[in-house]
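S.K.: give me a 3D structure for the following:
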Amino acid sequence: MQFLFAWRYFRAKKSTNVINVIAWICIVAIMIGTAALILVLSVFNGFEGLVKSLYSSFYSDIKVTPATGKVLTLNNEQLQQLRGVPGVKSFSLVVEEKALIRNGDNQALVTLKGADSRFTSVNDIAGHIISGRFDLGTTDRPLLVVGTGVESALAVRRTPEAAPMTIYIPRRGETEALDEASNISSDTIRSSGVFFIQQDFDTKYALTNIDFLKNAAGLQANEYSGIEIAVTNPSYTPTVQRSLQQLFGRGYSVQNRYQQNQSLYSIMNLERWVFYAILSLILVVAAFNMVGALTMLVLEKQKDISVLNALGADRNFVLKIFLNEGFLLALIGGGIGMVFALIMVVLQQQFHLIPLQGGSFLIDYFPVELKIRDFLLVALTVFIIAFIASWMPARKASRREFSLKSE
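M.R.: The predicted model follows:
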């Protein structure tokens, strides 16, 4: 009933046009704020999904590392038990060490990652090779797969006549000072391929044969830096993680993909909420217009409220009428804004209307992704702000004493 009164008040002709103007300014402001929130959150969703897909190309679903130190020791019994953990699809043993690579006058300090033959089953690095092939070589004839940034720094040439590069690797238990020849092992090595994933990886990592790296770093046969694990289904990750933690014990750290990149995801989440808070200010501005529109409407409908009082309407009834008037303005503005945002997101997904400038990213357009939770969050925000803005004029309207007599 109260909503019907609010609807009639909204549609009815006012004695002064300024009330209509303020009401429509309020609607437009809510529409712009709602659309901006949906669009910005959709862009964050798109970039978040893109970044997660890129990081999942390099990081495994779960990684086991030593809780302290750089090396963990694995025996055959542990590896056999690992194979029997429900939900484990595949695993790869890895070794990581800093290394210096020289190619003529060019050099680069990289994180050298030694991987076994199952490495490509726990990630999608092989699918991001843009030049050459994914081949880590053998113990005696190792090969390098490098990121594009490392390739550029070293000016790598993958031709038969190209001279091999020299690689310097610190040995375990000794200082990592690369300028002391007695503390490092050196060998020659060639590049077999180049991957292009994301700048954090492309400028930092080089991949090689695990046995070659273990020998060069002075590791024992059962010593590794970690175990990278792929699960059969992403939904099984928490269960598998708990099982692995029980299997290996407190001396091992078992991390899922989020925990391996916790700082990145935390920053992305913080940025999302900061932009959400900033853009919500548009809705706060709309709330000021709503207060003005409802206050003037209360003055406009003084006699109507007096008639309702005379007919038995209590203060609560009058309060709800003007609260519903505020909700009506929010519903119209928010509804139009959501529809507009939905259309814009669909057009961007289909036709890539808004490009990314610079041409240095993996894609040349803004990625967007719709999520129902964003619509619910924005709708809740709009109606909370509408309630707060409507409460004061509605409360004043319900407490005022009106008379049908003309002064």
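S.K.: mean confidence (pLDDT) on the helix or strand that contains residue 392, please.
M.R.: Residue 392 belongs to helix 372-399 when assigned by DSSP states H and E. Helix 372-399 carries an average pLDDT of 93.
S.K.: stretch 217-228 now?
M.R.: Stretch 217-228 shows a mean pLDDT of 95.
S.K.: what's the first-to-last distance across it?
M.R.: This stretch, stretch 217-228, spans 20 Å end to end (Cα to Cα, to the nearest Å).
S.K.: what's in contact with that stretch?
M.R.: 59-60, 62-66, 70-75, 82, 91-97, 119, 122-123, 169-173, 185, 214 (Cβ atoms under 8 Å, 6 or more residues apart in numbering). (Each C-beta comes from the backbone N, C-alpha and C, glycine too.)
S.K.: mind running it again at 7 Å?
M.R.: By Cβ atoms under 7 Å, 6 or more residues apart in numbering, the surrounding residues in contact with stretch 217-228 are 60, 63-65, 70-75, 91-97, 122, 169, 171-173.
S.K.: what's the neighbour count on the nearest residue to residue 348 once chain neighbours are set aside?
M.R.: Leaving aside its chain neighbours, residue 348 sits nearest to residue 368 (5.0 Å; criterion: Cβ to Cβ, 6 or more residues apart in numbering). The number of residues packed near residue 368 is 25, by other Cβ atoms under 10 Å.
S.K.: with residue 68 instead?
M.R.: For residue 68, using other Cβ under 10 Å, the count is 9.
S.K.: same check on residue 326?
M.R.: Residue 326, neighbours per other Cβ under 10 Å, totals 27.
S.K.: how near is it to residue 308?
M.R.: 18 Å (Cβ to Cβ, to the nearest Å).
S.K.: kindly report the same for residue 229.
M.R.: Look at residue 229 and residue 308: by Cβ to Cβ, they are 69 Å apart.
S.K.: neighbour count for the two, which is higher?
M.R.: Neighbour totals were compared for residue 229 and residue 308, and residue 229 leads with 25 against 17 (other Cβ under 10 Å).
S.K.: what residue ranges in the stretch 51-200 of the chain score low on pLDDT?
M.R.: 173-182 (pLDDT under 70).
S.K.: could you pull out the strands for it?
M.R.: Under the criterion DSSP state E, counting those that start in this stretch, strands of the stretch 51-200 of the chain are mapped to 62-66, 72-73, 88-103, 106-115, 129-132, 143-147, 165-170, 184-195.
S.K.: what comes up buried for the last one?
M.R.: With burial defined by 16 or more other Cβ atoms under 10 Å, the residues of strand 184-195 counted as buried are 184, 189-195.
S.K.: count of residues packed around residue 163?
M.R.: Other residues near residue 163 come to 10 when the count uses other Cβ under 10 Å.
S.K.: same deal with residue 220?
M.R.: 10.
S.K.: next one: residue 355
M.R.: Using other Cβ under 10 Å, residue 355 is surrounded by 11 other residues.
S.K.: against residue 363, how distant is it?
M.R.: Counting by Cβ to Cβ, the gap from residue 355 to residue 363 is 9 Å.
S.K.: before we move on, what about residue 79?
M.R.: 40 Å.
S.K.: same deal with residue 276?
M.R.: On the measure of Cβ to Cβ, residue 276 and residue 363 end up 24 Å apart.
S.K.: show the pLDDT at residue 355.
M.R.: Residue 355 carries a pLDDT value of 90.
S.K.: and it, what does it touch?
M.R.: Counted by Cβ under 7 Å, 6+ apart, residue 355 has contacts 364-365.
S.K.: between the helix or strand hosting residue 49 and strand 184-195, how big is the angle?
M.R.: Assigned by DSSP H and E, residue 49 belongs to helix 17-58. If you take axes from the mean of the first three to the mean of the last three Cα atoms, to 10 degrees, helix 17-58 sits at 130 degrees to strand 184-195.
S.K.: what angle sits between helix 17-58 and strand 106-115?
M.R.: 80 degrees.
S.K.: which helices and strands sit right next to helix 17-58?
M.R.: Applying 3 or more Cβ pairs under 7 Å, 6 or more residues apart in numbering; DSSP states H and E, we find helix 17-58 packed against helix 262-300, helix 315-351, helix 372-399.
S.K.: which of the residues in the next helix or strand after the first one are buried?
M.R.: Spelled out, it's helix 262-300. Per DSSP H and E, the first helix or strand lying C-terminal to helix 262-300 is helix 302-310. Judged by neighbour count using 16+ other Cβ under 10 Å, the buried positions of helix 302-310 are 304-306, 308-309.
S.K.: arrange the residues you listed in JSON lines, one row each, with pLDDT and distance to residue 298 as further columns.
M.R.: Putting the buried residues of helix 302-310 into JSON lines (pLDDT from 0 to 100; distance: Cβ to Cβ, whole Å) gives the following:
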{"residue": "304", "pLDDT": "77", "distance to residue 298": "10"}
{"residue": "305", "pLDDT": "75", "distance to residue 298": "8"}
{"residue": "306", "pLDDT": "75", "distance to residue 298": "12"}
{"residue": "308", "pLDDT": "76", "distance to residue 298": "13"}
{"residue": "309", "pLDDT": "76", "distance to residue 298": "14"}
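S.K.: and of these, the nearest to residue 12?
M.R.: Using Cβ to Cβ, residue 304 is the member of the buried residues of helix 302-310 that sits closest to residue 12, with 9.5 Å.
S.K.: separation between the residue lying closest to the closest one once chain neighbours are set aside and residue 351?
M.R.: Spatially, and ignoring its direct neighbours in sequence, residue 304 is nearest to residue 9 (8.0 Å; Cβ to Cβ, 6+ apart). Separation of residue 9 from residue 351 (Cβ to Cβ): 42 Å.
S.K.: who has more neighbours out of those two?
M.R.: More crowded of residue 9 and residue 351, by other Cβ under 10 Å: residue 9, with 21 against 9.
S.K.: give the buried residues for stretch 204-216.
M.R.: Buried residues in stretch 204-216, counted by 16+ other Cβ under 10 Å: 205-216.
S.K.: now it - C-alpha only, CSV.
M.R.: C-alpha atoms of stretch 204-216 as CSV (Å, rounded to 0.1, in the frame of the first residue of the first chain):
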residue,chain,number,x,y,z
LYS,A,204,63.4,-13.9,-13.5
TYR,A,205,63.3,-17.6,-14.3
ALA,A,206,65.3,-20.1,-16.4
LEU,A,207,64.4,-23.8,-16.5
THR,A,208,66.8,-26.7,-16.9
ASN,A,209,67.4,-30.4,-16.2
ILE,A,210,67.0,-31.2,-12.5
ASP,A,211,69.8,-33.8,-12.3
PHE,A,212,72.2,-31.3,-13.9
LEU,A,213,71.3,-28.6,-11.4
LYS,A,214,71.5,-31.0,-8.4
ASN,A,215,75.0,-32.1,-9.4
ALA,A,216,76.1,-28.5,-10.0
